[in-house]
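1. Predicted model and sequence below, questions to follow.
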Amino acid sequence: MSAKNSVDSVRKEMITEMPLYLPSKQEQAKIGVLLSLLDERISTQNKVIDKLQSLIRGINQRVFMNSGNNYKLGEICEIRSGYSGSQLLSKKGLKVSRIETISGHKVNMERVGYVAPFESSENYRLRVGDILFSNINSVEYIGNTAFIDKDYDLYHGMNLLRLTPNHMVVIPFYLYLLLNTNRMLNRFKAVCNKAVSQASINQTELGKTVVQIPPIKTQEQICELYQALYTKLETESHTKSLFQNQKQYLLRQMFI
């Protein structure tokens, strides 16, 4: 490389004189066929995933129609705000949720904050069955949720509400599914307070949201259906990742 005006550049001679090591045409053809097969398999996985997602959307429109008893969210959930203490710059202390922790309607443990241990921390510990609700965000993401499906050793932080459903009335996973329907998401976007850079829904307004809850037995059947669909979707997505990783591995090995 040569430097001119503090900008690095590569001379033409350096490129033309750079040695290239090419396998035989027969070997190149085999490599091309292998990569094409992997691309076709990845494309097939994309189609399978798209069809599953389309199926889930279609089922949403039928399963969560107007049926069941009307409740206000505040009647069937405890709705709480998170811990508002200052977050640490280092990755030490207690892990706390923040807006970015909700990613694709799931908990993303790569995007959490950290706070120093505090006296009432156990009151903020997220437990299986809790639902995180994005109540301060851009309008597009208002109402996004994440379901606490296992113990993440995570505490409830700022700018997200925590919904703890009453198990006697509603199965937590069912409520999570219901809140993710287009009908509910559109409602949250319609009633939120819109500012220049963000929107918000306060606890009182969220608590007034009316939802229709069917009998527990019906909820159980719906949850079983969706758990099977989501398990299948996760399996197919994992398979796609394996093929993508295999392709990248082969490319790295071929062009060392």
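-> Received the coordinates, thanks. Numbers count the residues shown, from 1 in each chain.
2. What's the separation between residue 155 and residue 79?
-> 17 Å (CB to CB, to the nearest Å). In short, each C-beta sits where N, CA and C put it, glycine included.
3. Compare the two (neighbour count), which wins?
-> The neighbour comparison of residue 155 against residue 79 (other CB atoms under 10 Å) goes to residue 155, with 24 against 18.
4. what are the phi and psi angles of the more buried one?
-> Main-chain torsions, residue 155, degrees, to the nearest 10: phi -110, psi 150.
5. so how far is residue 181 from it?
-> Distance check for residue 155 against residue 181: by CB to CB, it reads 28 Å.
6. what's the neighbour count on residue 229?
-> Residue 229: 15 neighbours (other CB under 10 Å).
7. wait, doesn't it sit right on residue 55?
-> Yes: assessed by CB atoms under 8 Å, residue 229 is found in contact with residue 55 at 7.1 Å.
8. where exactly do the helices run in the chain?
-> Remark: helices assigned in the chain by DSSP state H are 12-16, 25-63, 73-76, 172-179, 182-191, 203-207, 216-254.
9. will you turn these into CSV that also has mean pLDDT and distance to residue 91?
-> Formatted as CSV, the helices of the chain follow (pLDDT from 0 to 100; distance: least, CB to CB, whole Å):
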stretch, mean pLDDT, distance to residue 91
helix 12-16, 69, 43
helix 25-63, 89, 33
helix 73-76, 97, 34
helix 172-179, 96, 28
helix 182-191, 91, 32
helix 203-207, 93, 30
helix 216-254, 92, 26
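10. Deepest-packed of those, please.
-> Highest mean neighbour count of these: helix 172-179, a mean of 23 (counted as mean count of other CB atoms under 10 Å).
11. For residue 93, grab the count of nearby residues.
-> That count, for residue 93 with other CB under 10 Å as the rule, works out to 17.
12. What does it show for phi and psi?
-> phi 90, psi -150.
13. which residues touch it?
-> Counting by CB atoms under 8 Å, 6 or more residues apart in numbering, residue 93 touches 114, 115, 116, 117.
14. ditto for residue 127
-> So residue 127 contacts 148, 151, 164 (CB under 8 Å, 6+ apart).
15. Give me the buried positions along stretch 63-82.
-> Buried residues in stretch 63-82, defined by neighbour count with 16 or more other CB atoms under 10 Å: 63, 64, 68, 71, 73, 74, 76, 77, 79, 81, 82.
16. For it, measure first residue to last.
-> With CA to CA, to the nearest Å as the measure, stretch 63-82 spans 32 Å from end to end.
17. Give me the residues contacting that stretch.
-> Against stretch 63-82 from outside (CB under 8 Å, 6+ apart): 96-97, 124, 131, 155-166, 169-170, 175, 177-178, 181, 183, 203, 206-215, 218, 222, 225.
18. ok now stretch 133-148, how far from the chain's centre?
-> 11 Å (CA atoms, centre = their mean, to the nearest Å).
19. nearest residue to residue 181 other than its sequence neighbours?
-> In space, and not counting its chain neighbours, residue 181 is closest to residue 64: 4.9 Å by CB to CB, 6 or more residues apart in numbering.
20. swap in residue 134?
-> residue 144 (4.1 Å).
21. burial measure for that neighbour, as a count.
-> 21.
22. Help me confirm that it comes into contact with residue 105.
-> Yes: Residue 144 lies in contact with residue 105 (CB under 8 Å); the separation is 6.6 Å.
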